[in-house]
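Q: Return atomic coordinates for the entry below.
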Amino acid sequence: MNEPMLFDDVPESADAAARRRLALAFCRRRGERFRNCRIHNFAAGDEQQRVVVERLTGYLARAEENVRAGRGLVFFGGCGTGKTHLLIAAAGQLIAAHGFSVEFITGPEFAAAMRRAIHGDEEEVLMPLARADIAILDDLSPPIGRVTEYQSAALFRLVDRRYRASKPTWVSMNVGDKQEAVDRVSAPVIDRLTDGALCMFFPWESYRRPQE
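A: Next comes the predicted model:
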């Protein structure tokens, strides 16, 4: 399969090709369905979607400043609205353009990893996420109900560590608004994730459709 052009606006330099390879590898690791996620191929068919893309593009245009200041991304919205697509596309763009280190984990993967670490060393889970220039927590809110007290405490330790270090955390949640995110994850975690972050709502219907 031919790879699409990663980012046309990445300036040429001695290590540009290496950064592009890292960005492509990052996208591939997200799985076959997400390997070609790019900003330009996000289906922005209405005004709300175009505004989201425009605001995200503005954030990426000032990426070095935003990352240095620890300004995160928080995407709220229903399932299938393109939150993961844009998180992966944005991360790939910053890897290719600036060489930032990015760690990606889904909410269910984080929960499973922390369950395994209850009687082990949770630092094995938290340290790579804490050290990265950008940490992505995709689908952070659980499918049903709220996170357990142990998972909430672990999330707080991770998010607070990054917050104190002024490192941005990018998050997507299948919730309708910030209050629902607070109810399902915890106020201290959401408060830190949203402080200074670009928070956007994805209120449109799911892209996913059954075959007719």
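
Q: Residue ranges in this protein under the pLDDT threshold?
A: The chain contains residues with pLDDT under 70 at 1-14, 211-212.

Q: Strands of that one, start to end?
A: Applying DSSP state E to the chain gives strands spanning 73-77, 102-106, 134-138, 169-173, 198-202.

Q: In a markdown table: those, plus mean neighbour count.
A: In short, each C-beta sits where N, CA and C put it, glycine included. What follows is these, written out as a markdown table (neighbours: other C-beta atoms under 10 Å):
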| stretch | mean neighbour count |
| --- | --- |
| strand 73-77 | 23 |
| strand 102-106 | 19 |
| strand 134-138 | 25 |
| strand 169-173 | 25 |
| strand 198-202 | 19 |
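
Q: how about the ones you listed in JSON lines, adding distance to residue 190?
A: Formatted as JSON lines, the strands of the chain follow (distance: least, C-beta to C-beta, whole Å):
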{"stretch": "strand 73-77", "distance to residue 190": "8"}
{"stretch": "strand 102-106", "distance to residue 190": "18"}
{"stretch": "strand 134-138", "distance to residue 190": "12"}
{"stretch": "strand 169-173", "distance to residue 190": "9"}
{"stretch": "strand 198-202", "distance to residue 190": "10"}
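
Q: any idea how far residue 107 lies from residue 58?
A: Distance check for residue 107 against residue 58: by C-beta to C-beta, to the nearest Å, it reads 27 Å.
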